[in-house]
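> need a 3D model of the sequence below.
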Amino acid sequence: MGADARFFERLGPLSAGDLAALCGAELTGDAALAVHDVNTPSQAGAGELFFLAKNSDTSIQTPGACAIVADAATAEQLTSAGAVLIARDPRAAFGRACAALLRARDHGGEAFIHPSASVHSAARLSPGVVIGPDAEIGEAVEIGPGAIIGPGVVIGARSRIGPRAVVQCAVLGEQVEILTGAVIGEAGFGLALDQGGLLSIPHVGRVIIEDEVVIGANSTVDRGMIRDTILRKACKIDNLCHIAHNCEIGEYAVMAAFSGVSGSVHVGRGAQFGGRAGVADHLRIGDGARLAAFAGVMKDVPDGETWAGSPAQPIQRFMREIVWIRRQSGAKKSAKPKKDEQ
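Numbers count the residues shown, from 1 in each chain. Below you'll find the predicted structure:
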């Protein structure tokens, strides 16, 4: 069956040779094989593409007219495929091929575009989209139903804005993905005491999002108070995450769902956050550092270290403490009552 045609539009067919070139893969077999869909290994049929991860079962019987993405060692064991795309990372190569073969169906209808906005002729706008004054929408940008693009916002080529997302006070690079319901560029949580009350401080900074960044559904990224909030190239933010004002998230950093960083936090290149990890304000998470799920970070984390717990600490120390607590708990449970307590 492949991808459900009710939800996904087929962009092909593409030849196996073209897909191999697109993925940077070596091709064996029929370069002219027409590929129009993707599927699982157990259900793939003629003209469909699937991938086999390392150590996958290669005994599966496939029709000769299908295409497979696999690594070199796995490819040597395949005998029945019409074409094999040999890649160092089959999953990534399959992802690139899949994007060339299929895309989610768009919505028909009209959008509201301010007369001063600049929208590339190849952009795709869904019903209910609002584009404010002086906004710039690049080539092949896709904007989902009900999304709001604020005044002056710049969205680079081939970016995708999900349904009901809000983007304001922001400059986006190319191939950025903002998923459903995300809010980019809202004011942050900046307060000051004023005559016994709380005064909200205006936020006049921006959000700068570099190329290939992904921001998950219902996540929020606050604009800077004065300086910018910056998300560097290809960092990936999961659903339901929060990035406060003045933060900088490094290249290729990854944040799992429910993670959050307070104001003016610097997250280094390639750092990784487990689910529900939280970071106090004005801290630095080093390059390649890792935070375990539920970590509550109150101090700077050095480059390359893994921290866990709340308050977070190096994971070796955290695990020693857990072992000690469990031993103490077990000792108390096993202790016999004194005679006068019986």
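> could you find the closest non-adjacent residue to residue 242?
Once flanking residues are discounted, residue 242 sits nearest to residue 260: 4.0 Å by Cβ to Cβ, 6 or more residues apart in numbering. Where C-beta positions appear, they are placed from N, C-alpha and C, glycine not excepted.
> from residue 267, how far off is that neighbour?
Distance, residue 260 to residue 267, by Cβ to Cβ, to the nearest Å: 12 Å.
> in terms of neighbours, single out the busier of the two.
residue 267 (29 against 18; other Cβ atoms under 10 Å).
> mutual contacts of residue 260 and residue 267, please.
By Cβ atoms under 8 Å, 6 or more residues apart in numbering, residue 260 and residue 267 have these common neighbours: residue 279.
> what's the neighbour count on the residue lying closest to residue 34 once chain neighbours are set aside?
Closest residue in space to residue 34, ignoring its immediate chain neighbours: residue 13 at 4.1 Å, by Cβ to Cβ, 6+ apart. Close neighbours of residue 13, defined as other Cβ under 10 Å, add up to 15.
> cool, the one 4 residues further on as well?
Neighbour count for residue 17, taken as other Cβ under 10 Å: 16.
> for the stretch 51-200 of the chain, give me the ranges with low pLDDT.
Applying pLDDT under 70 to the stretch 51-200 of the chain flags residues 55-64, 105-110, 193.
> same thing but at 90, please
Residues of the stretch 51-200 of the chain meeting the criterion pLDDT under 90: 51-84, 87-113, 116, 133-134, 187-200.
> per-residue pLDDT, residue 335?
pLDDT recorded at residue 335 is 55.
> now the residue nearest to residue 242: how far from residue 327?
In this view, residue 260 and residue 327 are 34 Å apart by Cβ to Cβ.
> quick one, helices of the protein?
Assigned by DSSP state H, the helices in the chain fall at 16-23, 72-75, 90-101, 315-334.
> hang on, residue 144 packs against residue 164?
Yes: between residue 144 and residue 164 there is a contact at 7.4 Å, judged by Cβ atoms under 8 Å.
> between these two, which contacts overlap?
Common contacts of residue 144 and residue 164 (Cβ under 8 Å, 6+ apart): residue 180.
> more neighbours: which of these two?
Comparing residue 144 with residue 164 by other Cβ under 10 Å, the one with more neighbours is residue 144, at 24 against 17.
> now for the spatially most central residue of the chain: which residues touch it?
Centroid-nearest residue in the chain: residue 236, 3.6 Å away (criterion: Cα atoms, centre = their mean). Contacts for residue 236 were tallied using Cβ under 8 Å, 6+ apart; they are 213-214, 252-255.
> tell me the one among the residues you listed nearest to residue 47.
Of all the contacts of residue 236, residue 47 sits closest to residue 214, with 30.0 Å by Cβ to Cβ.
> burial of that closest one, as a residue count?
Neighbour count for residue 214, taken as other Cβ under 10 Å: 19.
> from here on, call the first residue 35.
Yep, numbering from 35; the last one is residue 248 now.
> surely it and residue 209 touch.
No: with contact defined as Cβ under 8 Å, residue 248 does not reach residue 209; the gap is 9.3 Å.
> shared neighbours, those two?
Residues touching both residue 248 and residue 209 by Cβ under 8 Å, 6+ apart: none at all.
> how many neighbours does the residue lying closest to residue 328 once chain neighbours are set aside have?
Among residues not flanking residue 328 along the chain, residue 310 sits closest, at 4.9 Å (Cβ to Cβ, 6+ apart). Using other Cβ under 10 Å, residue 310 has 19 neighbouring residues.
> I'd say residue 340 and residue 323 touch.
Yes: using Cβ under 8 Å, residue 340 is in contact with residue 323, at 7.3 Å.
> who has more neighbours out of these two?
With neighbours defined as other Cβ under 10 Å, residue 340 and residue 323 compare such that residue 323 has more, 24 against 18.
> ok, now which ones touch that one?
302, 305-306, 335-341.
> before we move on, what about residue 278?
222-223, 256, 263, 294-299, 315.
> residue 319 too?
299-302, 305, 313, 325, 331, 334-335.
> out of the contacts of residue 270, which end up buried?
247-248, 286-289 (16 or more other Cβ atoms under 10 Å).
> how about those residues in JSON lines, adding distance to residue 67 and pLDDT?
As requested, the buried ones among the contacts of residue 270 are arranged in JSON lines below (distance: Cβ to Cβ, whole Å; pLDDT from 0 to 100):
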{"residue": "247", "distance to residue 67": "35", "pLDDT": "98"}
{"residue": "248", "distance to residue 67": "32", "pLDDT": "98"}
{"residue": "286", "distance to residue 67": "34", "pLDDT": "98"}
{"residue": "287", "distance to residue 67": "39", "pLDDT": "98"}
{"residue": "288", "distance to residue 67": "36", "pLDDT": "98"}
{"residue": "289", "distance to residue 67": "40", "pLDDT": "98"}
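> how many residues are close by the residue nearest to residue 36 when sequence neighbours are not counted?
In space, and not counting its chain neighbours, residue 36 is closest to residue 71: 3.5 Å by Cβ to Cβ, 6+ apart. By other Cβ under 10 Å, the residues close to residue 71 number 23.
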